[in-house]
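Enquirer: Show me how the following folds:
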Amino acid sequence: MVLQSRQVALDDLPPLVLVRQARLDAAQRLCDRQAFVIEPLEAAVDFVKFLTSAANQQTLAKQGALLPPVKGALSAVTDPNLQAVAQLVGNAPYYQLYYDQFMSPAVGNTVNDQAQALFAGSTTPQAAAAAIDAAAASGG
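Expert: A predicted model of the protein is given here:
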């Protein structure tokens, strides 16, 4: 079995798929990437192994859906620009894609909100930095 991926519009995202007796609201929508709720734990582990198999990562790379983090799957990347990015990332001693996810949710959300406010012109760099510092200081 090989995982298939497709691009969808934000409004076309399906309700959150619940597997077994998950404790989440089925009305929630998927956003940013994918979310899965799988029980029992053994089934979740098997599913992660399936998603991260070289075969599935190659399929997704061929479709342009991702740059595969799995060794042996980068050969499926054919776009020269994506190959250059993959080489840059692969040779980096440290790489962090989403800075907001490195921090606690409260601080990460503040970083996102302040970045948006900066781009909208509704705050200053100094005020944004102060808001982020305050969120971090509060233990968020």
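Enquirer: Alpha carbons of the lowest-mean-pLDDT helix or strand in the chain, as CSV, please.
Expert: When each helix and strand of the chain is scored by mean pLDDT, DSSP states H and E, helix 99-102 comes last, with a mean of 76. Once non-C-alpha atoms are left out, helix 99-102 reads as follows in CSV (Å, rounded to 0.1, in the frame of the first residue of the first chain):
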residue,chain,number,x,y,z
TYR,A,99,10.3,28.5,15.2
ASP,A,100,6.9,28.9,16.8
GLN,A,101,6.7,25.1,17.3
PHE,A,102,10.0,25.1,19.2
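Enquirer: contacts for the longest helix seen in the chain?
Expert: Looking across the chain with DSSP state H, the single longest helix is helix 105-120. The contact list for helix 105-120 (Cβ atoms under 8 Å, 6 or more residues apart in numbering) reads 99-103, 123, 125, 128-129, 131-132, 134-136, 138, 140. Backbone N, C-alpha and C define where each C-beta goes, glycine included.
Enquirer: Could you look up the SS state of L67?
Expert: The assignment at L67 comes out as coil when based on DSSP: H, G, I helix; E, B strand; the rest coil.
Enquirer: show me the contacts for it.
Expert: L67 touches A61, L74, V77, L82, V85, A86, V89, counting by Cβ under 8 Å, 6+ apart.
Enquirer: rerun that using 10 Å as the cut-off
Expert: By Cβ atoms under 10 Å, 6 or more residues apart in numbering, the residues touching L67 are 57, 60-61, 73-74, 77, 79, 82-83, 85-86, 89-90, 97.
Enquirer: what distance separates stretch 68-80 from the centre of its chain?
Expert: Between the centre of stretch 68-80 and the centre of its host chain there is 18 Å, according to Cα atoms, centre = their mean, to the nearest Å.
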